[in-house]
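**Student:** predicted model, plus sequence, below.
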Amino acid sequence: MAEHEPAFVQVAKKAKGILACIRNNVASRTRAVTVPLYLALFWALHCKNDIEMLERVRRRAAKLVKGVEHKSYEE
């Protein structure tokens, strides 16, 4: 996704992709199946993005500390 798009446009595109995935791969279209599946997939994407964002911040912060700028998080 383009970095210059507003956040709501990016979220809408992700939501559309999730719905397409459900439509193409899930036989049952009942509310009991579709809503929990949609919510789980949608929030999993948000958590992944949050983790990636926090990792970028952690790497930037590590660059400020002498001696750890090239070490991994585990080190």
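**Tutor:** Cool, got the structure. Predicted, not measured: the structure shown is a model, and the values here were computed from it. Residues are numbered from 1 along each chain as shown.

**Student:** drop to CA atoms for contacts and neighbour counts, all remaining ones
**Tutor:** OK.

**Student:** residue 29 in helix, strand or coil?
**Tutor:** What DSSP: H, G, I helix; E, B strand; the rest coil gives for residue 29 is coil.

**Student:** identify the residue nearest it in space, chain neighbours excluded?
**Tutor:** With Cα to Cα, 6 or more residues apart in numbering as the criterion, residue 29 has its nearest non-adjacent residue at 7.9 Å, and that residue is residue 23.

**Student:** any stretches of the chain with poor pLDDT?
**Tutor:** For the chain, the stretches with pLDDT under 70 are 1-3, 68-75.

**Student:** show me the helices in it, by range?
**Tutor:** Counting by DSSP state H, the chain has helices at residues 7-25, 31-64.

**Student:** how far does stretch 18-37 stretch from start to finish?
**Tutor:** Terminal residues of stretch 18-37 are spaced 9 Å apart (Cα to Cα, to the nearest Å).

**Student:** which outside residues touch it?
**Tutor:** 38, 41, 42 (Cα atoms under 8 Å, 6 or more residues apart in numbering).

**Student:** make it 10 Å
**Tutor:** The contact list for stretch 18-37 (Cα atoms under 10 Å, 6 or more residues apart in numbering) reads 12, 13, 14, 15, 16, 17, 38, 39, 40, 41, 42, 45.

**Student:** is the last one in contact with residue 13, as I believe?
**Tutor:** Which is residue 45. No. Judged on Cα atoms under 10 Å, residue 45 makes no contact with residue 13 at a distance of 11.9 Å.

**Student:** and the two? which has more neighbours close in?
**Tutor:** Higher neighbour count among residue 45 and residue 13: residue 45, with 16 against 13, using other Cα atoms under 10 Å.

**Student:** for the more buried one, list the residues it contacts.
**Tutor:** Counting by Cα under 10 Å, 6+ apart, residue 45 has contacts 11, 14, 15, 18, 39, 51.

**Student:** phi and psi next, for residue 30.
**Tutor:** Phi and psi for residue 30, reported as degrees, to the nearest 10, are phi -70, psi 160.

**Student:** still on that earlier bit, relative to residue 43, how far out is the residue nearest to residue 29?
**Tutor:** Separation of residue 23 from residue 43 (Cα to Cα) stands at 18 Å.
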